[in-house]
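Student: Make a model of this:
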Amino acid sequence: MQHPCIYKGNNQRKSIHDVKISGDLGNKPIAGEVVAKSGLRTYKTKKREKKFFFYLGVADDTGSIKVMVYGRERYQDIQEKSCYLFREVIMDKNVMKVTKLSKVSKTPPIDVPENLEMEAQMLVYSQTPVCSIGQAIGSEEKTSVSVEGKVREIGSVETIKLKNRQGKKDKQDFKLEDDTSSIRITLWGEHIKHLRGVSSGDVARVTNVKTNHFQGSVSLNSTDSTKILKVQSAAVQSVTIEIIGIIRASETQTELEAELSHDNEVQQFEVASSLLAGALGVSLRGSFEDRLLGKMPFSADVEIKGNQIIKIKSVKEK
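Tutor: Residues are numbered from 1 along each chain as shown. Next up is the predicted model:
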């Protein structure tokens with residue numbers, strides 16, 4: 001259900017779908033969520049003056065549109081994942097242009113479908129053509145590719161000492177699989193942030209990564225242009241598990257191993273430590289990990305989304 005915007009009623013504003021068909025806003029405003037924002041870019045006027053601009057990928061519940069914002073004054077104010085009302089803009093084909101005379105104000109949230117979020121992201125982020133994972137594996141060393149598939153086996157962040165150079169760098173690996181094969185993808189440094197909000201079981205598009213050949217195997221490394229776009233969220237499942245091992249535990253988050261009752265497969269899961277402590281009836285203070293180990297094995301009914309346990313209840317409590 002879409003949340004109301006400042007202008008109540010669809011007749012008071014124009015949807016993105018209608019704007020793209022008519023090519024004109026008339027005197028009506030347009031509202032949407034900023035799904036993606038580019039970096040500041042420059043262009044030169046006819047008088048050879050350097051000016052600034054940036055792009056937005058904006059979407060509502062009907063469509064997505066590319067927005068070009070002139071100047072640098074609004075760059076810090078307009079934020080991704082926030083919703084805005086745009087007035088007195090210029091339509092140039094399918095691009096909406098925001099000038100100094102345009103008015104931009106915040107609105108309450110708008111419910112944007114996932115497919116339109118992805119469309120809006122693609123309007124801002126350039127990418128190499130998507131190929132199958134099998135094709136990526138068959139590509140030459142350092143080939144730039146984009147791939148799409150189901151996310152599996154998200155690893156922890158590790159700090160790696162750089163060879164032949166001073167300093168260290170964080171890295172995080174995960175596996176992506178499609179109908180043709182699976183491949184390990186390594187994110188380096190600041191690129192790790194692109195994996196935030198992505199869970200095991202989600203379908204994601206990973207753009208602008210480069211092939212890496214090492215000892216007969218092929219993996220993919222992130223680049224400065226890499227983006228991870230979630231195409232489809234993992235479904236929430238209700239299952240019974242038996243917790244058989246603890247990988248690591250802190251007062252905030254616990255990683256564990258559990259066996260699924262319906263197929264006896266052992267998988268790794270993450271759960272908020274407060275949820276787990278409540279289900280086990282133990283305190284978070286002191287040696288929480290030792291208390292967990294003292295309760296193993298432990299059966300529970302859980303709701304899982306990818307590799308995240310979002311609800312947990314002891315089977316013994318029934």
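Student: can we go C-alpha only for contacts and neighbour counts from here?
Tutor: Noted.
Student: how about stretch 18-32: buried residues?
Tutor: 19-20, 23-25, 29-32 (16 or more other C-alpha atoms under 10 Å).
Student: Give me the residues contacting stretch 84-97.
Tutor: Residues outside stretch 84-97 that contact it (C-alpha atoms under 8 Å, 6 or more residues apart in numbering): 6, 20, 23-25, 27-34, 65-70, 98-99, 101-107.
Student: Let me see the mean pLDDT of it.
Tutor: Mean per-residue pLDDT for stretch 84-97: 92.
Student: Between the two ends of it, how far is it?
Tutor: Using C-alpha to C-alpha, to the nearest Å, the end-to-end distance of stretch 84-97 comes to 14 Å.
Student: can you give me the helices in the stretch 201-318 of the chain?
Tutor: For the stretch 201-318 of the chain, the helices defined by DSSP state H, counting those that start in this stretch occupy 273-280, 288-295.
Student: Of the ones you listed, which stretch is the most buried?
Tutor: The highest average neighbour count among those, using mean count of other C-alpha atoms under 10 Å, belongs to helix 273-280 at a mean of 18.
Student: ok, back up a step: can you tell me which of the contacts of stretch 84-97 end up in helices?
Tutor: Of the positions in these, Lys20 sit in helices, assigned by DSSP state H.
Student: ok, back up a step: if you average pLDDT over each of the helices of the stretch 201-318 of the chain, which comes out lowest?
Tutor: helix 288-295 (a mean of 84).
Student: what stretches of this structure score poorly on pLDDT?
Tutor: Residues of the chain that meet the criterion pLDDT under 70 lie in 1-11, 126-128, 164-166, 234, 262-266, 316-318.
Student: quick check: domain ranges of it?
Tutor: Here the domain assignment for the chain is 10-112, 130-232, 236-317, based on automatic domain parsing.
Student: Output these as TSV; include the columns distance to Leu123.
Tutor: Converted to TSV, those look like this (distance: least, C-alpha to C-alpha, whole Å):
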stretch	distance to Leu123
domain 10-112	6
domain 130-232	12
domain 236-317	28
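Student: what's the closest of those to Met122?
Tutor: domain 10-112 (7.8 Å; C-alpha to C-alpha).
Student: what helix or strand is Glu117 on?
Tutor: Taking DSSP states H and E as the criterion, Glu117 maps to helix 114-124.
Student: now the helices of the stretch 201-318 of the chain in a markdown table, with distance to Ser217?
Tutor: Below are those laid out as a markdown table (distance: least, C-alpha to C-alpha, whole Å):
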| stretch | distance to Ser217 |
| --- | --- |
| helix 273-280 | 37 |
| helix 288-295 | 37 |
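Student: strands paired with the helix or strand following the helix holding Glu117, and their directions?
Tutor: Remark: after helix 114-124, the chain's next helix or strand is strand 130-131, criterion DSSP H and E. Strand pairing for strand 130-131, determined by DSSP bridges: strand 144-152 (parallel).
Student: Span of stretch 43-51 from start to end?
Tutor: End-to-end distance (C-alpha to C-alpha), stretch 43-51: 5 Å.
Student: Next, Thr62: secondary structure please.
Tutor: When classified by DSSP: H, G, I helix; E, B strand; the rest coil, Thr62 comes out as coil.
Student: got the phi/psi numbers for it?
Tutor: Backbone torsions of Thr62, given as degrees, to the nearest 10, read phi -120, psi -20.
Student: hang on, the earlier thing: of all the buried residues of stretch 18-32, which comes closest to Arg205?
Tutor: Nearest to Arg205 among the buried residues of stretch 18-32 is Gly32, at 23.0 Å by C-alpha to C-alpha.
Student: Residue for residue, what is the longest strand this structure has?
Tutor: strand 236-249 (DSSP state E).
Student: Check which helices and strands it is in contact with.
Tutor: The helices and strands touching strand 236-249, judged by 3 or more C-alpha pairs under 8 Å, 6 or more residues apart in numbering; DSSP states H and E, are strand 253-260, helix 288-295, strand 298-305.
Student: In the sheet, which strands lie alongside it, parallel or antiparallel?
Tutor: According to DSSP bridges, strand 236-249 has the following sheet partners: strand 253-260 (antiparallel), strand 298-305 (antiparallel).
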